[in-house]
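[1] Provide a 3D model corresponding to the input given below.
(chains A and B)
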Amino acid sequence: GAVVSQHPSWVICKSGTSVKIECRSLDFQATTMFWYRQFPKQSLMLMATSNEGSKATYEQGVEKDKFLINHASLTLSTLTVTSAHPEDSSFYICSARDEVLRGTGELFFGEGSRLTVL
Amino acid sequence: AQSVTQLGSHVSVSEGALVLLRCNYSSSVPPYLFWYVQYPNQGLQLLLKYTTGATLVKGINGFEAEFKKSETSFHLTKPSAHMSDAAEYFCAVSGSGYQKVTFGTGTKLQVIP
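    Now for the predicted structure:
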């Protein structure tokens, strides 16, 4: 199946700094990528839909200036958590659709990134 | 609008016993339905999906699910649980292959030796 790689897997940062997480589709092109946040023992919360070459579409309640999303190419989307605070600590997961298989609706997920803000 | 309800946040079964994870959905259009599995500190992996056609779908690792439109259900089953099946399972629905996917709250499966 299609492979999505997410980096870094783990990141620890100080409060007030910014952290960038990358999501790459390794063997397919992804016009659309999705960013999720997962709290402990909870489901995935969709944060935003990342569209190649255009602005991301954010879900209600997600701060656009806090969570910057860039989708500069068909294989790369980035999530930058700006001025991170301890409450931003979470597990962030990206997913992508294969343009060839897009009609099936199947999502391919990255491995996730565990962010800890001290 | 669409939503997913997973009954039971935790399910425990003995090794070798039947696994049954329940999922009910709501969708204003014919749904695409998915089951994903998540192991600790990892992303999600697709187990199986229903889009159109045969209502009984088979997935990886011996899992299968049946789409029942009249019951708006898509329950996941496996005849015999293995220790390696212990994980979190998510049911998901989409209105089509081009729409957002909505996830249920997940069911944590525990397999008792």
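[2] Residues contacting stretch A:75-87, please?
    Contacts with stretch A:75-87, where a contact means Cβ atoms under 8 Å, 6 or more residues apart in numbering or on different chains, come from A:13, A:15-26, A:29-30, A:33, A:35, A:47, A:50, A:65-72, A:88, A:92, A:94, A:96, A:115, A:117-118. Using the backbone N, CA and C atoms, a C-beta is placed for each residue, glycine as well.
[3] And stretch A:93-100, by the same measure?
    By Cβ under 8 Å, 6+ apart, stretch A:93-100 touches A:2, A:4, A:6, A:21, A:23, A:25, A:28-38, A:44, A:74, A:77, A:79, A:105-110, A:112-113, B:43-44, B:97.
[4] swap the cut-off to 6 Å and go again
    Residues from elsewhere that reach stretch A:93-100 (Cβ atoms under 6 Å, 6 or more residues apart in numbering or on different chains): A:2, A:4, A:6, A:23, A:25, A:28-36, A:107-110, A:112, B:43.
[5] picking that back up, out of the contacts of stretch A:75-87, which are buried?
    Restricting these to buried positions leaves A:13, A:19, A:21-25, A:30, A:33, A:35, A:47, A:50, A:67-69, A:71, A:88, A:92, A:94, A:96, A:115, A:117, with burial counted as 16 or more other Cβ atoms under 10 Å in any protein chain shown.
[6] can you tell me how far the residue lying closest to residue A:24 once chain neighbours are set aside sits from residue A:76?
    With sequence-adjacent residues excluded and distances taken as Cβ to Cβ, 6 or more residues apart in numbering or on different chains, residue A:24 is closest to residue A:5, at 4.8 Å. Shown here: residue A:5 relative to residue A:76, a distance of 10 Å by Cβ to Cβ, to the nearest Å.
[7] what does residue B:105 give?
    31 Å.
[8] Look at the two and report which has more neighbours.
    The residue with more neighbours, out of residue B:105 and residue A:76, is residue A:76; 17 against 14, by other Cβ atoms under 10 Å in any protein chain shown.
[9] Need the pLDDT of residue A:2.
    At residue A:2, the pLDDT value in this model is 79.
[10] wait, what's in contact with it?
    By Cβ under 6 Å, 6+ apart, residue A:2 lies in contact with A:28, A:98, A:108.
[11] What count of nearby residues applies to the first one?
    Spelled out, that is residue A:28. Counted with other Cβ under 10 Å, residue A:28 comes out at 18.
[12] low-scoring pLDDT stretches of chain A, where are they?
    A:1, A:99-104 (pLDDT under 70).
[13] Which stretches in it count as strands?
    A:4-7, A:10-13, A:19-25, A:32-38, A:44-51, A:57-58, A:67-73, A:76-81, A:90-96, A:108-109, A:113-117 (DSSP state E).
[14] just checking, what packs against the last one?
    Spelled out, that is strand A:113-117. strand A:10-13 (3 or more Cβ pairs under 6 Å, 6 or more residues apart in numbering or on different chains; DSSP states H and E).
[15] Dump the C-alpha coordinates for the strand it packs on into CSV.
    Only the C-alpha atoms of strand A:10-13 are listed here, as CSV (Å, rounded to 0.1, in the frame of the first residue of the first chain):
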residue,chain,number,x,y,z
TRP,A,10,9.2,12.4,19.1
VAL,A,11,10.0,16.0,19.9
ILE,A,12,10.5,17.8,23.1
CYS,A,13,10.7,21.6,23.2
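[16] That one and chain B, any residue contact?
    No: shown here: strand A:10-13 not in contact with chain B (Cβ under 6 Å from any Cβ of the partner chain), separated by at least 8.6 Å.
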